[in-house]
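[1] pasting the structure only:
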């Protein structure tokens, strides 16, 4: 057994003794030390060979760090080797109140507590979770842990016992408050994000965020800038730029994200690692869910401005110049409300949005806070009828493939909020080494996105599209050989590749239109046109600056 391995049980024992002898509220730093050891083990810097983790140590972590019950059950199942998918029920009861999975389950944290630290060979005699996985009482768990014969017994004074019981009840009432639970969840994400940032693989681009052009209002992407770039691509004026793209490959051995930063160290994009919960079995289940969803809608695959693949938008939108003010469901969502509701309730979807929410909080906290204020504003204006449809985003684009994979044409999402983030999740089965890399033109980067990866970036400011590896290495893009029906001239929508490309790639794109943020910037006006008519001034929003993109260490 290594030195680190022999040290870990001593740390756990010391933790238990300190918690019993000192005020519980002042021992968070001890738990932090224990968690630091777990992170170091999962990072591979310490190769621990611990035979087990005592269950009472888990109870202590739960009581002091206030981790939700559903997270602790996942952790217990991981330790006992019974956690195969990482999925949990939609909700778990925490002290009598429901707690949503996306707010409670830190799945990337489970990934960091990897199988190298918790071997799958652990036997049931080492960890004995409840068969029903019912929540345990935290105070009783703590008392059971502290009543170990290896620890000193508590004082016999009845007065001291009563004071201790009152203190426990007061602490329990305090932690039952939803706002306190929300703060603790946010803190846990911040701690996790801090560790991931320290170990992230950082790629520096030659561009800088300040050079990216939003619209004249600063609210959305620039239509003029987007059209100029798209025209240059179609006329092959940027051939040299395409041949000099810097490839960023995905390294499956890394358990930390890849950051894309500008030349001044400003973070503008994040590529996640693949969660261990999203194995082949999970991916197969999710693909079947999407295939069934597409089939039940009876909506045919039709070419559109982004490319030739099946696509739909679910959630709330707001037309430019809409005087009614209230956002409305997309036409597709209105026609398929029950199917959409069923899709959003699946465990697979909840896992995706839970990880996405955590990534936004960990890597782009200022932007995430702005998205939440937008959600809270429309919830208040519509009596809770309108808000984020999934995670903290108002719209989700589901891009599914039939005979071919999803492969987009060059574009910017110019109607999205400019100083914001678009979240992309890639799913399916395809050759990710050769096919469908994502170009970030202004960053001069092309990045590999295999199935199971999340990619966060400001899609309203950066021109992006899918490109096969052979295209940017051979320098042949954008020259292509295509066929068209009945001798029609190619127009980007009626084209078919001469040689079929590989199938199986799909994606989910999470975003929020800039139009929905207008009231937050204008003091209540619901459209840019109304602001212009009234001659109103835009409010000074600190988060509406490119400086809200965080800096990374070189």
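    Thanks, I have the structure now. No experiment lies behind these values; they were computed from the predicted model shown. Residues are numbered from 1 along each chain as shown.

[2] and the helices in the stretch 401-550 of the chain?
    469-474, 518-522, 528-534 (DSSP state H, counting those that start in this stretch).

[3] which of the residues in the shortest one are buried?
    Read that as helix 518-522. The neighbour-count check on helix 518-522 (16 or more other C-beta atoms under 10 Å) flags 518-522 as buried. Where you see a C-beta, it was placed from the backbone N, CA and C, and this is true even at glycine.

[4] what's the closest of those residues to residue 510?
    If you rank the buried residues of helix 518-522 by distance to residue 510 using C-beta to C-beta, residue 520 comes first, at 19.3 Å.

[5] pretty sure that closest one sits against residue 376.
    No: using C-beta atoms under 8 Å, residue 520 is not in contact with residue 376; the gap is 10.0 Å.

[6] domain assignment for the chain?
    3-193, 237-548 (automatic domain parsing).

[7] rank those by pLDDT, which is bottom?
    Here the lowest mean pLDDT among those goes to domain 3-193, at a mean of 47.

[8] and the gap between the nearest residue to residue 297 once chain neighbours are set aside and residue 312?
    Excluding the flanking residues, the one nearest residue 297 by C-beta to C-beta, 6 or more residues apart in numbering is residue 336, at 5.5 Å. Noted for residue 336: a distance of 8 Å to residue 312, by C-beta to C-beta, to the nearest Å.

[9] and for residue 387?
    20 Å.

[10] got the residue ranges for the helices in the stretch 251-400 of the chain?
    Under DSSP H, counting those that start in this stretch, the stretch 251-400 of the chain gives helices at 280-297, 331-335, 337-344, 347-363, 365-381.

[11] just say which of those is most tucked in.
    Among these, ranked by average contacts under mean count of other C-beta atoms under 10 Å, first place goes to helix 347-363 (a mean of 23).

[12] just the angle between that one and helix 365-381, please?
    Between helix 347-363 and helix 365-381, the angle comes out at 120 degrees (axes from the mean of the first three to the mean of the last three C-alpha atoms, to 10 degrees).

[13] bridged to the closest residue to residue 549 other than its chain neighbours, which residues?
    Closest residue to residue 549 apart from its sequence neighbours, by C-beta to C-beta, 6+ apart: residue 266 at 5.0 Å. Applying DSSP bridges to residue 266 yields these beta-bridge partners: residue 551.

[14] tell me if I'm right that residue 266 and residue 551 touch.
    Yes: Residue 266 lies in contact with residue 551 (C-beta under 8 Å); the separation is 5.8 Å.

[15] more neighbours, those two?
    residue 266 (19 against 12; other C-beta atoms under 10 Å).

[16] as a check, name the ranges of all strands in the stretch 351-500 of the chain.
    395-400, 422-428, 437-440, 445-447, 454-457, 464-467, 482-483, 496-497 (DSSP state E, counting those that start in this stretch).

[17] make a markdown table from the ones you listed and add mean neighbour count and distance to residue 291 to it.
    As requested, the strands of the stretch 351-500 of the chain are arranged in a markdown table below (neighbours: other C-beta atoms under 10 Å; distance: least, C-beta to C-beta, whole Å):
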| stretch | mean neighbour count | distance to residue 291 |
| --- | --- | --- |
| strand 395-400 | 22 | 7 |
| strand 422-428 | 24 | 10 |
| strand 437-440 | 24 | 23 |
| strand 445-447 | 23 | 27 |
| strand 454-457 | 23 | 21 |
| strand 464-467 | 22 | 21 |
| strand 482-483 | 12 | 27 |
| strand 496-497 | 14 | 23 |
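
[18] run a quick neighbour tally on the closest residue to residue 389 other than its chain neighbours.
    Nearest non-adjacent residue to residue 389, counting by C-beta to C-beta, 6+ apart: residue 315, 3.5 Å away. Applying other C-beta under 10 Å, we find 24 other residues in the vicinity of residue 315.

[19] bridged to residue 315, which residues?
    residue 395.

[20] contacts only, for it.
    When contacts are counted by C-beta atoms under 8 Å, 6 or more residues apart in numbering, residue 315 touches 329-330, 333, 388-390, 393-396.

[21] mind doing that once more with 7 Å?
    Taking C-beta atoms under 7 Å, 6 or more residues apart in numbering as the criterion, residue 315 is in contact with 330, 333, 389, 394-396.

[22] for residue 381, same thing?
    Contacts of residue 381 were listed using C-beta under 7 Å, 6+ apart, and none were found.

[23] from residue 163, how far off is it?
    For residue 381, the distance to residue 163 - C-beta to C-beta - is 48 Å.

[24] same question, residue 434
    From residue 434 over to residue 163 (counting by C-beta to C-beta), the distance is 68 Å.

[25] repeat for residue 442
    63 Å.

[26] which of those two has more residues huddled nearby?
    Set residue 442 next to residue 163 and count neighbours by other C-beta under 10 Å: residue 442 wins out with 25 against 11.

[27] pretty sure the more buried one sits against residue 463.
    Yes: Residue 442 is within contact range of residue 463, at 6.3 Å (criterion: C-beta atoms under 7 Å).

[28] what's the helix or strand where residue 159 lies packed up against?
    Following DSSP states H and E, one finds residue 159 within helix 158-176. In terms of contacts (3 or more C-beta pairs under 7 Å, 6 or more residues apart in numbering; DSSP states H and E), helix 158-176 is not packed against any helix or strand.

[29] tell me the buried residues in it?
    168, 171.

[30] let's number from 849 now, not from 1
    Fine by me, first position is 849 from now on; the one you just mentioned is helix 1006-1024.

[31] ok, the closest residue in space to residue 1103 that isn't next to it in sequence to residue 1182 distance?
    Distances taken as C-beta to C-beta, 6+ apart put residue 1121 closest to residue 1103, at 5.6 Å, once the chain neighbours are dropped. Per C-beta to C-beta, residue 1121 is found 37 Å from residue 1182.

[32] same deal with residue 1224?
    Relative to residue 1182, and taking C-beta to C-beta, residue 1224 is found at 24 Å.

[33] then residue 1197?
    20 Å.

[34] likewise residue 1248?
    Going from residue 1248 to residue 1182 by C-beta to C-beta gives 20 Å.

[35] can you check residue 1357 too?
    Distance from residue 1357 to residue 1182, by C-beta to C-beta: 20 Å.

[36] now residue 1099
    For residue 1099, the distance to residue 1182 - C-beta to C-beta - is 43 Å.

[37] kindly report the same for residue 1130.
    On the measure of C-beta to C-beta, residue 1130 and residue 1182 end up 31 Å apart.
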